[in-house]
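*Asks:* fold the following for me, if possible:
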Amino acid sequence: MKSHGITNRIIALAVFIIASVVYLLTAGPSIAFWDCGEFLASAGCLGIPHPPGTPLLIPIGRVFLLLFSFLSDPGFRANLIAVFGSAIVAMLIYSIIVRAMIMAFGEPDTLWKRLVLYCSGFMGGLFCAFSNTFWFCSLEASEQCNFLSHSRGAYALACPGLGPVEDERFRDRILLLITYISFTGIGMHMVSMITSPANISLYHAGR
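*Replies:* Residues are numbered from 1 along each chain as shown. I've put the predicted structure just below:
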């Protein structure tokens, strides 16, 4: 349904904006403890942080340092990776909830179904965004690799939900996309591989 698609995108964008604004208002103003300084220095010179390294995170960090060069504090610029990465995760959580509910209860063809669908996804995305651990780890550079890798996992988790509604000829492409995104997450943090068995299992369950 066309109206569902437009409404769904608007609410997903609203979840992203709300999470981004709150994270920006509460983000660390500068460099923090633990690995923050190491990641910042590595991004500044395109170096290699401690093993096993983060070969995808460091170039992204470099882009953020240059993109937000109008901000005086490089530590805050680095923190923005965690801010926007986690906001994307919250938006994807919303999308996953909506997709799962459509798979379980069918298309939102009535006002009641739409209300339940959108409210469930909206509240679920914000509950994730503002849960204690997630919120804390969305505000500083030392955790940016963890939550950017989680966003990769969220993308991959969202893909199996597409399987049942896509044409049969696209299923193998979706499986390749899931695999690609999952392994891309290694460039952020090794923890992203934890989601890979679940991603593949959910994909095959959708068949």
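*Asks:* my read: residue 97 touches residue 116, true?
*Replies:* No - Residue 97 lies out of contact with residue 116 (CB atoms under 8 Å); the separation is 11.0 Å. Quick note: C-beta positions are derived from backbone N, CA and C, even for glycine.
*Asks:* what about these two, which has more around it?
*Replies:* Applying other CB atoms under 10 Å to residue 97 and residue 116 shows that residue 97 carries more neighbours, namely 19 against 14.
*Asks:* pLDDT wise, what is the more buried one at?
*Replies:* In the prediction, the pLDDT value recorded for residue 97 is 89.
*Asks:* buried stuff in the longest helix along the chain?
*Replies:* Using DSSP state H, we find that the single longest helix of the chain is helix 74-105. Residues 74-102 are the ones in helix 74-105 that count as buried (16 or more other CB atoms under 10 Å).
*Asks:* what about residue 42, neighbour count?
*Replies:* Counted with other CB under 10 Å, residue 42 comes out at 20.
*Asks:* which SSE is it in?
*Replies:* Assigned by DSSP states H and E, residue 42 falls within helix 36-45.
*Asks:* can you check residue 72 too?
*Replies:* Residue 72 belongs to no helix or strand when assigned by DSSP H and E.
*Asks:* let me know the pLDDT of it.
*Replies:* Reading off the model, residue 72 has pLDDT 85.
*Asks:* where along the chain do the strands fall?
*Replies:* Assigned by DSSP state E, the strands in the chain number zero.
*Asks:* list the contacts of residue 49.
*Replies:* Listed by CB atoms under 8 Å, 6 or more residues apart in numbering, the contact partners of residue 49 are 35, 38, 39, 42, 58.
*Asks:* so residue 137 touches residue 82, yeah?
*Replies:* Yes - assessed by CB under 8 Å, residue 137 is found in contact with residue 82 at 7.1 Å.
*Asks:* once you drop chain neighbours, what's closest to residue 44?
*Replies:* Nearest residue to residue 44, sequence neighbours excluded (CB to CB, 6 or more residues apart in numbering): residue 65, at 6.3 Å.
*Asks:* and the one you found, how many residues sit next to it?
*Replies:* Residues near residue 65, counting by other CB under 10 Å, number 18.
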